[in-house]
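Visitor: sequence plus predicted model, see below.
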Amino acid sequence: MSKVLLHDDGLHRCPWPGREDALYIGYHDSEWGVPEWDDRALFEKLVLDGFQAGLSWITILRKLDNFRRAFDGFRPEKIARYDARKKAALMNDAGIVRNRLKVEGAVLSARAWLEVMDKGTGFSTLLWDFMDGQPKVNRFRTTKQVPAETPVSKAISKELASRGFKFVGPTIVYAFMQAVGMVNDHLVDCHCHDQCCALGNKKRR
């Protein structure tokens, strides 16, 4: 089913978290689509979306605490200095997604993030400038209407790749944009749609 689902609590929600997984439903209700402006939080989510590539987001969500432990709280200044020993330890950590290219990509993305923060206007500004500082509010009624990528996600992908970020293809970037509220892709009949609209209308922190 691609339309909103009615849950036992009387609320309509997007269909993708289903009705049974409280963790997934909680993520849908409290995080997905909420505008995020924090530079480091945006970095964490971008890296995690890279690890998600080829997997379901719930897989990453269930391993989130392990990821944060293994990657030093996603502090870019630490990740950027990971050496061969640390990378090997990550590849032996069953609590995370063990993929050598993605581990290497996280390190390179951390270095790129530090470069943006040191010599640019900041990671958040870099991203949100593509949106003129405001979330794009869509009014989709079914998941079939939701795109996998857009011209903006392609432009952001190209920009990030040119700066050395890894695992930032247009589809990954669009999933990231949805998650951090750069676009509001809650279905219009989902109870979170209007909530995210209201948050998007508030001034940037």
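Guide: Perfect, thanks for sending it.

Visitor: okay, CA-based contacts and neighbour counts for the rest of this
Guide: Will do.

Visitor: which stretches of this protein form strands?
Guide: Using DSSP state E, the strands assigned to the chain run over residues 5-6, 12-13, 136-137, 183-184.

Visitor: in its sheet, what does the last one sit against?
Guide: It stands for strand 183-184. Strand 183-184 has its sheet partners listed here by DSSP bridges as strand 136-137 (parallel).

Visitor: how far does the strand it pairs with sit from the chain's center?
Guide: Centroid displacement of strand 136-137 relative to its chain, using C-alpha atoms, centre = their mean, to the nearest Å, is 16 Å.

Visitor: only alpha carbons, please: show the lowest-mean-pLDDT helix or strand in the chain as CSV.
Guide: Lowest mean confidence among the helices and strands of the chain (mean pLDDT, DSSP states H and E): helix 191-200, at a mean of 92. Only the C-alpha atoms of helix 191-200 are listed here, as CSV (Å, rounded to 0.1, in the frame of the first residue of the first chain):
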residue,chain,number,x,y,z
HIS,A,191,-0.1,13.8,10.7
CYS,A,192,3.6,14.8,10.5
HIS,A,193,3.2,16.8,7.3
ASP,A,194,1.8,19.9,8.9
GLN,A,195,4.1,19.6,12.0
CYS,A,196,7.2,19.6,9.7
CYS,A,197,5.7,22.6,7.8
ALA,A,198,5.4,24.5,11.1
LEU,A,199,9.0,23.7,12.1
GLY,A,200,10.3,24.7,8.6
